[in-house]
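**Student:** prediction below, plus the sequence it came from.
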Amino acid sequence: MDDRVKVLRLMDHISGAYAPNTLRAYRADMEEFIGFCEREGSSALPAEPETVARFLIQSSETGIRSSTVRRKESSISAIHRLSYLRDPTKHPEVKIAIRKIERKIGTHFGQAYPIDEKLLRKLLSACGNDLRGMRNRALLLLAYESLRRRSELVSLRIEDLDPNSDGSAVILLRKSKTDQTSQGSWIGISATTHRAIRQWVKRAEIKNGPILRSIKGNTIGGSLGCGQINRILKSLARKASLAENVVDRISGHSTRVGRAQDLLKSGASLPQMMHAGGWSKPDTVMRYVARTRPTLPNTLSIDI
């Protein structure tokens, strides 16, 4: 059976068991790997460790980051394991190739420009009082305060808002990247953010369904797409007269990075930050706050 057919059949089999982004990565990476194997006359499924090592080294020479190389390795590993084949990425030959690649191109993490509280205020000032402005204001506040990923933000629903007596609220996050079985979790939001959401949904005349919606002219559309969040944030950054090199680095991750850095500055502990942002790995949080220092006393309280 052709290797591409094997991958397509496997994708159909595991559809629904993995996140759509994960499946897209598996499919794209395997398509690239199969093409490489065809050009050199090697088998892709199953693949020999030496073949995988050559593929990863060649990939690293195209200007990609080491994290992308790691993702390709992970895809090849997953497809072999899910196909009940020996995993070639566990072989020392592949591990040596990865070490060579990381020593050569480094492991620098290209981080999104942080939208911290200071920058958040500038972007909020760039929001108008029209329909789009109210939607964008709700998006900014909700994204910053909740620390949610783009896919999680666009999944939040009006009927899952539960107001508190002081004007604040909690909202149910039905599913997240780290909660693939949909156990759900409640996220607290301030009175300010809750008010912005109420103003937006009232103006938009929507009573249920996704909070964040697309807008065409003066017509409210369906749920906002993940890619649209990036475009909205960049558009607001330009309206706020930010430098173009800053605008280029702003993405849907920017509010998440900025809020994490603000939490560290305020004295939040690592477990508190992980809980707030829905992170399962401490090293991910530490990458977000690597350039941030918590507020510490300027002098030692020790007399010698």
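**Tutor:** The structure has been received and is ready for your questions.
**Student:** which residue, other than its chain neighbours, is closest to residue 77?
**Tutor:** residue 89 (4.2 Å; C-beta to C-beta, 6 or more residues apart in numbering). All C-beta atoms are positioned from the backbone trio N, CA, C, and that covers glycine.
**Student:** and the one you found, how far from residue 34?
**Tutor:** Distance check for residue 89 against residue 34: by C-beta to C-beta, to the nearest Å, it reads 16 Å.
**Student:** one more: residue 259?
**Tutor:** Going from residue 259 to residue 34 by C-beta to C-beta gives 41 Å.
**Student:** what does residue 81 give?
**Tutor:** In terms of C-beta to C-beta, residue 81 sits 17 Å off from residue 34.
**Student:** more neighbours, those two?
**Tutor:** The residue with more neighbours, out of residue 81 and residue 34, is residue 34; 20 against 13, by other C-beta atoms under 10 Å.
**Student:** mind listing what that one touches?
**Tutor:** Taking C-beta atoms under 8 Å, 6 or more residues apart in numbering, we find residue 34 in contact with 3, 4, 7, 44, 45.
**Student:** wasn't it part of a helix?
**Tutor:** Yes. Counting by DSSP: H, G, I helix; E, B strand; the rest coil, residue 34 is found in a helix.
**Student:** show me what contacts residue 208?
**Tutor:** Residue 208 neighbours (C-beta under 8 Å, 6+ apart): 157, 158, 159.
**Student:** just the buried ones from those?
**Tutor:** Buried members of the contacts of residue 208, scored by 16 or more other C-beta atoms under 10 Å, are residue 157.
**Student:** which one of the contacts of residue 208 is nearest to residue 284?
**Tutor:** residue 157 (26.6 Å; C-beta to C-beta).
**Student:** isn't the closest one right next to residue 209, touching?
**Tutor:** Yes. Counting by C-beta atoms under 8 Å, residue 157 does reach residue 209; the two are 6.2 Å apart.
**Student:** looks to me like residue 267 is in a strand.
**Tutor:** No. Per three-state DSSP, residue 267 lies outside any strand segment and is coil.
**Student:** so residue 14 makes contact with residue 83?
**Tutor:** No. Using C-beta under 8 Å, residue 14 makes no contact with residue 83, being 10.2 Å away.
**Student:** could the contacts of residue 208 go into CSV alongside pLDDT and distance to residue 71?
**Tutor:** As requested, these are exported to CSV (pLDDT from 0 to 100; distance: C-beta to C-beta, whole Å):
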residue, pLDDT, distance to residue 71
157, 94, 31
158, 95, 35
159, 94, 36
